[in-house]
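Chemist: Give the three-dimensional model of this entry:
(4 chains)
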Number of protein chains: 2
Amino acid sequence: MSLPHAILTALLEKPSSGLELTRRFDRSIGFFWPATHQQIYRELGRLEASGQIRALRPEAPVRGQKKEYEVLPEGRAELARWTAEGAAPRAVREPLLLRLRAAAVVGTDGLAAELERHLALHREQLADYREIERRDFPVERADEENRLQHAVLRAGIGLESFWVQWLAETLDTLPAEPSRPSDAPRACDPSDRP
Amino acid sequence: MSLPHAILTALLEKPSSGLELTRRFDRSIGFFWPATHQQIYRELGRLEASGQIRALRPEAPVRGQKKEYEVLPEGRAELARWTAEGAAPRAVREPLLLRLRAAAVVGTDGLAAELERHLALHREQLADYREIERRDFPVERADEENRLQHAVLRAGIGLESFWVQWLAETLDTLPAEPSRPSDAPRACDPSDRP
DNA sequence: ACCCTCATGTAAGCTGTTACATGATTCA
DNA sequence: TGAATCATGTAACAGCTTACATGAGGGT
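Modeler: Numbers count the residues shown, from 1 in each chain, chains lettered A, B, ... in the order given. Predicted coordinates for the structure are as follows:
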């Protein structure tokens, strides 16, 4: 149940319409909580129905026309409540690691190319984040108020750095010849205890 | 569509029943692709229906009794196909980062405690992974066949290390006094361009 | 008139989560 | 017999993904 709170945060930062929110998600909150416009419209509807946000200029509920929302006190309270509440860290869910496990059983055909592709993508994302940091958090400004936003960005940078390093390292240790499924000895789950 | 392939991998490593799979997921594949027993039973049903796996001892489809599955050639082929296929890296989805962004707007009450809690959990998980590494991948064994499994484990270790470091660092830069919502200046999305 | 873009939605399908139901086996 | 555990499911719902639908406004 994080999307409504992501939207409340974005709307508190700046009242917006659905499509504006979608675009802002694409270049900021969406880096760690992506959402499509369909999700966002649905959630805006729910938040409005439950009295946490309201439309500015409510006299024009026309279909093809812009509809801007702002957060009501109830919405701000709910967001504050949620912020203080605890939750377990999200489990990692990364298909690439699954592919490695699968490759250990059925052979590493095509795996190196896939790792290369990921490496390029993560390098790109890392460069983007570094550019944002250079632009929005210059060193000379001791960030008093932007400290939290900077911490979030540093998380993105750290994660991308990790993947770049791990992918490069893993590519290095990959055998030159892809293993063929039939040749491969029966792999055994290393953390299985019989 | 990764869960069926995770199950195929696990079944190729060792034919198992639904509950056995659930337990094996809990201590190995589930670290990067968690699944509950309900998901696993549902997926086993689908894989059996589509002819990718089959039950050993098919003469006993009794409800409360163990039912072991093995992978058929079709299943192995499908897994090999999927392994070679490309996919974009999974987007990060981490509510804690969302909470930081929200805290920048509504105040940092309770945030330090939440960060401490996560720090403890990640330290624990990191210790678990290191223990597995020590046990299953001792340095003296140049791993020829277990190289891929080791790479997966190193990814887990790297990710947990990152979080531990980032959380400690972020806790350090957190102000001693929690900011009150009303005092806080209007935060502005750092990566927004008007 | 036509097309493009902006903008707001609807619908269907799949995945994941939570709670509950049912039968078999074992042990006190 | 009764309780605990092992084992296999069902049902309902929430969230996410993908594809499509509809309308307004502006330009050619």
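Chemist: For stretch A:72-82, buried residues please.
Modeler: Neighbour-count burial for stretch A:72-82 flags A:72, A:75-76, A:78-80, A:82 (criterion: 16 or more other Cβ atoms under 10 Å in any protein chain shown). Every C-beta, even on glycine, is put in place using the N, C-alpha and C of the backbone.
Chemist: Also near chain B: which of the residues you listed, exactly?
Modeler: For chain B, the contacts drawn from those by Cβ under 8 Å from any Cβ of the partner chain are A:76, A:79-80, A:82.
Chemist: got these as CSV, with pLDDT, secondary structure and distance to B:Gln38 columns?
Modeler: Below are those laid out as CSV (pLDDT from 0 to 100; DSSP: H, G, I helix; E, B strand; the rest coil; distance: Cβ to Cβ, whole Å):
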residue, pLDDT, secondary structure, distance to B:Gln38
A:Arg76, 97, helix, 37
A:Leu79, 96, helix, 32
A:Ala80, 94, helix, 35
A:Trp82, 94, helix, 27
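Chemist: and which of these is nearest to DNA strand D?
Modeler: A:Trp82 (12.2 Å; Cβ to the nearest atom of the strand).
Chemist: how about the residues of chain A near DNA strand C?
Modeler: A:17-20, A:37-38, A:41-42, A:44-45, A:61, A:63-68, A:93 (Cβ under 7 Å from any atom of the strand).
Chemist: Can you turn the buried part of those into a ChimeraX selection?
Modeler: Selection of the buried residues among the residues of chain A next to DNA strand C in ChimeraX, burial being defined by 16+ other Cβ under 10 Å:
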select /A:17,18,20,44,67,68
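Chemist: quick one: contacts for the residue sitting nearest the centre point of chain A?
Modeler: In chain A, the centroid-proximal residue (Cα atoms, centre = their mean) is A:Phe32; its distance is 2.4 Å. Counting by Cβ atoms under 8 Å, 6 or more residues apart in numbering or on different chains, A:Phe32 makes contact with A:152, A:155-156, B:91-94, B:97-98.
Chemist: Also A:Leu79?
Modeler: A:5, A:8-9, A:12, A:71, B:102, B:105-106.
Chemist: Look up how far DNA strand C lies from A:Ala168.
Modeler: 28 Å (Cβ to the nearest atom of the strand, to the nearest Å).
Chemist: quick check, that residue in a helix?
Modeler: Yes: under DSSP: H, G, I helix; E, B strand; the rest coil, A:Ala168 falls within a helix.
Chemist: Quick one: neighbours of it, just the number.
Modeler: 14 (other Cβ atoms under 10 Å in any protein chain shown).
Chemist: what helix or strand does the closest residue to it other than its chain neighbours sit in?
Modeler: Distances taken as Cβ to Cβ, 6 or more residues apart in numbering or on different chains put A:Leu119 closest to A:Ala168, at 6.4 Å, once the chain neighbours are dropped. Per DSSP states H and E, A:Leu119 falls inside helix A:111-136.
Chemist: From the contacts of A:Leu79, pick the one nearest DNA strand D.
Modeler: A:His5 (10.4 Å).
Chemist: give the contact list for the residue nearest to the closest one when sequence neighbours are not counted.
Modeler: In this structure, A:His5 finds its nearest non-sequential neighbour in A:Trp82, 5.0 Å apart by Cβ to Cβ, 6+ apart. A:Trp82 makes contact with A:5, B:99, B:102 under the criterion Cβ under 8 Å, 6+ apart.
Chemist: biggest separation within the contacts of A:Phe32, which pair?
Modeler: A:Val152 and B:Ala91 (14.8 Å; Cβ to Cβ).
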